[in-house]
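Visitor: model this:
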Amino acid sequence: QVQLVESGGGLVQAGGSLRLSCAASGGTFNSVMGWFRQAPGKEREFVAAINWRGGVTSYADSVKGRFTISRDNAKNTVYLQMNSLKPEDTAVYSCAAAPRLSWRDYEGYTYWGQGTQVTVSS
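Guide: Sure, this is the predicted structure:
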């Protein structure tokens with residue numbers, strides 16, 4: 001059974017940076033990996049995704065140019081580098097693996113981590 005564990009969340013001031021990590025275990029890592037976020041009272045939304053080899057990425061318009069997704073398959077880990085953070089980036093960030101549908105469709109992902117809180121103060 002694949003397990004995903006996120007880390008790296010925290011409290012940061014607007015304009016600051018954080019790097020989230022998602023470590024996978026319990027299975028093969030050769031799948032698309034995605035990051036999603038959910039703010040209080042809002043629906044879960046797509047943030048970024050990356051293919052197995054790392055050569056293809058996709059970003060939500062709201063984070064394009066500020067966030068970078070990457071992966072280290074030797075470490076079974078996916079990263080989300082978040083720069084120029086804004087208060088509206090505040091949310092619980094979760095990683096997910098193995099989408100059955102569109103990369104941007106959270107309902108299609110097979111595996112999920114528990115999430116890590118990111119809070120951006122103004």
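
Visitor: for F36, which residues are in contact?
Guide: 44-47, 93-96, 106 (CB atoms under 8 Å, 6 or more residues apart in numbering). For glycine as for every other residue, the C-beta is placed from the backbone atoms N, C-alpha and C.

Visitor: restricted to helices, list these.
Guide: Under the assignment DSSP state H, the contacts of F36 contribute nothing to helices.

Visitor: would you check which pair of these lies furthest apart?
Guide: Using CB to CB, the contacts of F36 span at most 14.0 Å, a distance reached by E45 and C95.

Visitor: looking at these two, which one has more neighbours?
Guide: C95 (31 against 15; other CB atoms under 10 Å).

Visitor: just list the residues touching the residue nearest to the more buried one when sequence neighbours are not counted, thanks.
Guide: Ranked by CB to CB, 6 or more residues apart in numbering and with sequence neighbours excluded, the top spatial neighbour of C95 is C22, at 3.4 Å. Contacts for C22 were tallied using CB under 8 Å, 6+ apart; they are 4-6, 33, 35, 77-80, 95, 113.

Visitor: re earlier: list just the nearest of the contacts of F36 to S17.
Guide: Nearest member of the contacts of F36 to S17, counting by CB to CB, is Y93, at 13.9 Å.

Visitor: who's that closest one bridged to?
Guide: On DSSP bridges, the residues paired with Y93 through beta bridges are R37, T116.

Visitor: count the neighbours of it for me.
Guide: 23.

Visitor: which non-adjacent residue is nearest L18?
Guide: M82 (5.0 Å).

Visitor: just to revisit the earlier point, can you check the pLDDT for the residue nearest to C95?
Guide: C22 is assigned a pLDDT of 97 by the prediction.

Visitor: in strands only, show me the contacts of F36.
Guide: Per DSSP state E, strands hold the following members of those: 45-47, 93-96.
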